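# Structural data only, the sequence is not supplied:
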Ligand SMILES: Nc1ncnc2c1ncn2[C@@H]1O[C@H](COP(=O)(O)OP(=O)(O)OP(=O)(O)O)[C@@H](O)[C@H]1O
Ligand SMILES: [Mg+2]
């Protein structure tokens, strides 16, 4: 029997690749890595199944990069992925692994300038990571040569071989030499019919399955709430949970847009990701989310597979996933590389049976919880204030304010002074004119549009059409170019084209439009 591999050093890898792995902070191989890397190095076809976030990318990336021949500028390996974001991410990870070997990798995906890709291809690349559609485009234009490809990898193999992609994959396969080709399939889920189909394209594949017990990661707490008021429920949960980055999944693109608008209107900084956005919008949203400048990403299943972002503490299924595979991949955006995570699923009463089916097929268990009460939310807010206050006390750099406090304690009780100071810092000083910053970039809305937020007093009954008309006439622009207007309980926004945003903003800053009193305010940031 083979001895278990516990270090990367035990695998026959070049110094350059080992050094790159060590730079990436990988100390020891994960189980899927120690079991599949040697097989791939030996040239076998491999079907690798391991839970989400357990390092499948490097499991196929390390040996593939090791096998690239230096100095040979032909495409030697091809990775196919279901989404653009995943192609970019894998390309970045490959670049890191191939850093010292100076392996040339190129992501190829729709929505990016094809000319730029053609130039890069001409220059010579060794590994291409692409989505099937754009790759086929290059094949048809004869701008890509795949005859030197030795290794083909289907990441998210079950998704790639599912109905939607199978014809494209076959068309791409025709370009590759079938006798010399090594084929690798990886995914966290591998339904039996797909595994069967996969074997059609493979030669004596070795199957490696890590943990047959559960498809989901044990480090993820799985919870569900049953409610008819999902939006209200979601906001309550967001208010009490201690969260880092959050991904919320919706079923449809429109569902994503609507939820982003509702969340923004309630002051939660969120943005959307789905297939109808332009590539630059998709890139911008992903970058903001990766960099920690966006707290909540609302997405369709386009973000369900493979996406690896640090510190996603919570995944929320705002709409129940369509099948158990989607459930497994969605919640797998948290609880990665040994970290903990929370997965929250909202269901309406009629969806209970579907939830039970998902539980059974994913071999997992979701714990039912009651939605937080108003008292819970208040309690949580108090905790947050207390923690912040404690931090300020520990930092001990508030001596400048001592004289104010001692002056005030001549006439007032010290506890009252402290409580008033807290109220001031939490709620702000109400009599003061609030700084109007109402220009909020919004990538969740229509392309090229900007959302301008305002605050309309609750008592005023205004019809959205009237506001649009009033703005248009005051700003002297045609009414039909002011896009959507949404009125939520207090926050309202108009969506206007970028180039007239300033003009509309200046009208808003006058604070009255045709007799309506309007305060322009920033959307509350949490
Ligand atoms: N050996 C290792 N040691 C430490 N961290 C690792 C190791 N291998 C991979 N990682 C990190 O673990 C994270 C998850 O890896 P990866 O994205 O490859 O998971 P995956 O199995 O492909 O998940 P998914 O099924 O969601 O696509 C990444 O941030 C990666 O850098
Ligand atoms: Mg992956």
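Alright, I've got the coordinates. What you see is a predicted model, and the numbers here were worked out from it, not measured in a lab. Numbers count the residues shown, from 1 in each chain. Ligands and ions are numbered 1, 2, ... in the order given.

# next helix or strand past the host helix or strand of residue 121?
Per DSSP states H and E, residue 121 falls inside helix 114-123. Heading C-terminal from helix 114-123, the first helix or strand you meet, by DSSP H and E, is strand 127-130.

# So the residue lying closest to residue 13 once chain neighbours are set aside versus residue 106, what's the distance?
Of all residues not flanking residue 13 in the chain, residue 66 sits nearest, at 5.7 Å (C-beta to C-beta, 6 or more residues apart in numbering). Just so you know, the C-beta spots here come from the backbone N, C-alpha and C atoms, and that holds for glycine as well. Using C-beta to C-beta, to the nearest Å, we find residue 66 at a distance of 19 Å from residue 106.

# Residue 233 - how many residues pack around it?
18 (other C-beta atoms under 10 Å).

# Surely it is in contact with residue 370?
No - in this structure, residue 233 is not within contact of residue 370 by C-beta atoms under 8 Å, at 10.3 Å.

# quick one: common contacting residues for those two?
residue 225 (C-beta atoms under 8 Å, 6 or more residues apart in numbering).

# And the strands in the stretch 51-200 of the chain?
77-80, 105-108, 127-130, 151-155, 182-187 (DSSP state E, counting those that start in this stretch).

# Rebuild these as TSV, extending it with mean pLDDT, mean neighbour count and distance to ligand 2.
Conversion of those to TSV gives the following (pLDDT from 0 to 100; neighbours: other C-beta atoms under 10 Å; distance: least, C-beta to the ion, whole Å):
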stretch	mean pLDDT	mean neighbour count	distance to ligand 2
strand 77-80	98	24	11
strand 105-108	97	24	15
strand 127-130	98	26	12
strand 151-155	97	24	6
strand 182-187	96	25	7
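
# Distance to residue 281 added to those strands, as JSON lines?
Shown next, in JSON lines, are these (distance: least, C-beta to C-beta, whole Å):
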{"stretch": "strand 77-80", "distance to residue 281": "24"}
{"stretch": "strand 105-108", "distance to residue 281": "18"}
{"stretch": "strand 127-130", "distance to residue 281": "21"}
{"stretch": "strand 151-155", "distance to residue 281": "24"}
{"stretch": "strand 182-187", "distance to residue 281": "28"}
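
# Surely residue 66 touches residue 16?
No - with contact defined as C-beta under 8 Å, residue 66 does not count as touching residue 16 (9.1 Å).

# Give me the more crowded residue out of the two.
Between residue 66 and residue 16, counted using other C-beta under 10 Å, the more crowded position is residue 66 (21 against 18).

# Next up, the contacts around the more buried one.
13, 14, 17, 41.

# okay, these in JSON lines with pLDDT next?
Listed next are the contacts of residue 66 as JSON lines, based on pLDDT from 0 to 100:
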{"residue": "13", "pLDDT": "95"}
{"residue": "14", "pLDDT": "96"}
{"residue": "17", "pLDDT": "97"}
{"residue": "41", "pLDDT": "97"}
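
# from those residues, which ones fall inside strands?
Among these, no member is found in strands (DSSP state E).

# Pull the number of nearby residues for the closest residue to ligand 2 within the chain.
For the chain and ligand 2, the shortest gap (C-beta to the ion) falls at residue 306, measuring 4.0 Å. Other residues near residue 306 come to 26 when the count uses other C-beta under 10 Å.

# same deal with the one 5 residues further on?
Here the neighbour count serves as a burial measure; for residue 311 (other C-beta under 10 Å) it reads 13.

# nearest residue to it other than its sequence neighbours?
Per C-beta to C-beta, 6+ apart, closest to residue 311 is residue 244, 4.4 Å.

# That neighbour contacts residue 313, correct?
Yes - counting by C-beta under 8 Å, residue 244 does reach residue 313; the two are 3.9 Å apart.

# Tell me which of these two has more neighbours.
Neighbour count, other C-beta under 10 Å: between residue 244 and residue 313, residue 313 has more, with 17 against 13.

# Surely that one is in a strand?
Yes - with DSSP: H, G, I helix; E, B strand; the rest coil as the criterion, residue 313 is assigned to a strand.

# Was I right to think it contacts residue 221?
No - with contact defined as C-beta under 8 Å, residue 313 does not reach residue 221; the gap is 10.4 Å.

# what touches both of those two?
In contact with both residue 313 and residue 221: 341, 342, using C-beta under 8 Å, 6+ apart.
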